[in-house]
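> this one's sequence-less:
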Ligand SMILES: Cc1ncc(COP(=O)(O)O)c(C=O)c1O
């Protein structure tokens with residue numbers, strides 16, 4: 001039996017993003033053992049590049065085996081215990097996901113909601129943190145809305161109350177300004193399939209010393225075997241390299257290569273490129289009468305939400321983009337279902353060629369659609385008044 005051919009796509013949705021040949025080639029290198037000194041040297045180098053991409057000196061910085069959600073689960077099961085209070089900033093699907101996952105673990109969740117399309121105000125997080133919370137968690141890049149959550153001042157608030165600051169940086173890492181140590185973040189998890197342009201399957205994680213002290217002081221056993229950090233750190237962050245599970249070796253090759261590409265470009269240049277790509281996209285689609293959903297200062301540069309506007313069948317446009325142009329963009333989810341497109345300009349796609357290719361394709365699809373709608377409206381007005 002032969003498997004079907006797969007088409008080439010330009011991935012400009014919410015992720016995965018387009019993976020460059022260099023990263024795919026790295027992934028195709030021979031699999032070697034997870035205890036082989038050659039693999040361990042490679043992984044150490046990749047983790048050092050990860051520290052640079054995250055702007056952290058944290059010794060415990062490595063990829064969790066699993067997707068971004070595995071990073072979230074690792075954070076929750078290790079640093080919180082049943083009955084602990086966790087403040088969660090919620091302004092989209094991924095804040096909701098933290099609430100859902102924490103609730104399942106018996107953690108007492110205090111949610112601080114903000115309108116979708118805006119970040120959660122610091123003062124409201126501060127008020128919720130007041131009576132002895134164990135941690136505060138926010139989504140730095142909310143992929144469901146295209147909002148960047150400011151972190152300024154949050155670490156001081158948390159640390160003054162002996163709480164940890166935890167962030168989801170799945171869609172922001174390397175595509176939006178983030179400096180883990182400077183921001184005072186204690187636990188951050190990411191994903192490989194967004195601005196790093198690596199296939200999905202790993203969740204880069206970093207832990208501050210404060211977070212590790214919290215782990216050491218834990219009273220109850222970690223309620224997960226797979227994501228038990230004490231055992232996982234014995235492999236990743238101890239000289240002994242004690243086997244816990246077999247990490248996805250070839251995906252780690254890909255991550256190492258993707259991080260090398262980030263390092264060669266430099267973080268500042270990469271962040272700036274993502275900002276300019278988002279501005280170019282908004283300008284191009286603006287000429288077609290389409291508007292960004294998020295106010296300028298709150299925008300996540302790697303993921304832009306766009307309201308397609310009247311007379312545009314948003315689902316039909318996405319279907320045609322994929323079928324006729326080989327371009328993937330995403331529809332709205334949660335509250336934004338049917339109301340917005342989510343367009344990713346992540347890594348290699350934060351560039352003028354992909355942006356103009358997409359804007360040109362949308363223009364070609366939308367103009368006849370709008371002409372059809374205009375004629376339809378004229379006809380039905382005629383029929384209702386004639
Ligand atoms: C902000 C955010 N957090 C968490 C996740 C979950 O990551 P994964 O789908 O890799 O499990 C995603 C995935 O899109 C995301 O965008």
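Nice, thanks for sending it over. Given the structure is predicted, the values throughout are model-derived calculations rather than measurements.

> now the residue in the stretch 201-350 of the chain positioned nearest to the ligand: how far from residue 139?
Here the residue of the stretch 201-350 of the chain nearest the ligand is residue 203; by C-beta to the nearest ligand atom that distance is 7.0 Å. Heads up, the C-betas are built off the backbone N, CA and C, glycines and all. Distance, residue 203 to residue 139, by C-beta to C-beta, to the nearest Å: 14 Å.

> Give me the contact list for stretch 169-182.
The contact list for stretch 169-182, computed with C-beta atoms under 8 Å, 6 or more residues apart in numbering, reads 14-15, 53-58, 68, 71, 94, 140-143, 148, 151, 188-191, 194-196, 204, 206, 262, 267, 270-271, 274, 300-303, 346-347, 350.

> switch to 7 Å and redo it
Contacts to stretch 169-182, defined as C-beta atoms under 7 Å, 6 or more residues apart in numbering, come from residues 15, 53-57, 68, 140-141, 143, 148, 188, 190-191, 194-196, 204, 206, 262, 267, 270-271, 274, 300-303, 346, 350.

> Can I have the buried ones of the residues you listed as a ChimeraX selection?
Buried subset of the contacts of stretch 169-182, written as a ChimeraX selection, criterion 16 or more other C-beta atoms under 10 Å:
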select :15,53,54,55,56,68,140,141,143,148,188,190,191,194,195,196,204,206,262,267,270,271,274,300,301,302,303,346,350
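
> Could I get the buried residue list for the helix or strand hosting residue 367?
Assigned by DSSP states H and E, residue 367 falls within helix 352-385. For helix 352-385, a neighbour-count test (16+ other C-beta under 10 Å) marks 354, 355, 357, 358, 359, 361, 362, 365, 366, 369, 370 as buried.

> got the contact list for the closest residue to the ligand within the chain?
Nearest residue of the chain to the ligand, counting by C-beta to the nearest ligand atom: residue 68, 2.5 Å away. By C-beta under 7 Å, 6+ apart, the contact list for residue 68 reads 170, 189, 190, 191, 203.

> Name the nearest residue to it, ignoring sequence neighbours.
residue 191 (3.3 Å; C-beta to C-beta, 6 or more residues apart in numbering).

> which residues touch that neighbour?
67, 68, 170, 200, 203.

> Looks to me like the third one is in a helix.
By that I understand residue 170. No. Using DSSP: H, G, I helix; E, B strand; the rest coil, the assignment for residue 170 is coil, not a helix.

> Need phi/psi at the residue nearest to residue 108 when sequence neighbours are not counted.
Excluding its sequence neighbours, the residue lying closest to residue 108 (C-beta to C-beta, 6+ apart) is residue 85, at 4.7 Å. Residue 85 adopts backbone torsions of phi -100, psi 130, taken as degrees, to the nearest 10.

> For burial, what's the neighbour tally of residue 85?
18 (other C-beta atoms under 10 Å).

> same question, residue 29
13.

> The ligand contacts on the protein?
The chain comes close to the ligand at residues 14-15, 67-69, 94, 139, 141, 143, 168, 170-171, 191, 200, as judged by C-beta under 6 Å from any ligand atom.

> hmm, which two among those residues are most spread apart?
139 and 200 (17.9 Å; C-beta to C-beta).

> Same drill for these two, tell me which one is more crowded.
More neighbours surround residue 139 than the other of residue 139 and residue 200, with 32 against 17 (other C-beta under 10 Å).

> Beta-bridge partners for the more buried one, please?
Beta bridges link residue 139 to residue 168, judged by DSSP bridges.

> Restricted to helices, list the residues of the chain next to the ligand.
Those of the residues of the chain next to the ligand mapping onto helices are 68, 69, 94, per DSSP state H.

> picking up where we left off before, and the residue nearest to residue 68, what's its pLDDT?
The model reports residue 191 with a pLDDT of 98.

> Equivalent analysis for residue 130, please.
pLDDT, residue 130: 81.

> Next one: it from residue 163, what distance?
Residue 130 is 10 Å from residue 163, by C-beta to C-beta.

> Spell out the secondary structure type for residue 31.
With three-state DSSP as the criterion, residue 31 reads coil.

> What is the neighbour count of it?
12.

> show me what contacts it?
249, 250.

> on that earlier part again, is it correct that the residue of the stretch 201-350 of the chain closest to the ligand falls within a strand?
Yes. Checked against three-state DSSP, residue 203 lies within a strand.

> Touching, it and residue 188? I think so.
No. Checked against C-beta atoms under 7 Å, the pair residue 203 and residue 188 is beyond contact range at 10.3 Å.

> roughly how far out does the helix or strand hosting residue 306 sit from the chain middle?
Using DSSP H and E, residue 306 falls within strand 303-307. Computed by C-alpha atoms, centre = their mean, to the nearest Å, the chain-centroid distance of strand 303-307 equals 15 Å.

> Give me the more crowded residue out of residue 130 and residue 163.
Counting neighbours by other C-beta under 10 Å for residue 130 and for residue 163 shows that residue 163 has the greater number, 23 against 10.

> related to what we said a few turns ago, kindly present the residues of the chain next to the ligand as a markdown table, with separate columns for distance to residue 229.
Listed next are those as a markdown table, based on distance: C-beta to C-beta, whole Å:
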| residue | distance to residue 229 |
| --- | --- |
| 14 | 28 |
| 15 | 25 |
| 67 | 17 |
| 68 | 17 |
| 69 | 16 |
| 94 | 21 |
| 139 | 21 |
| 141 | 24 |
| 143 | 25 |
| 168 | 17 |
| 170 | 19 |
| 171 | 23 |
| 191 | 18 |
| 200 | 22 |
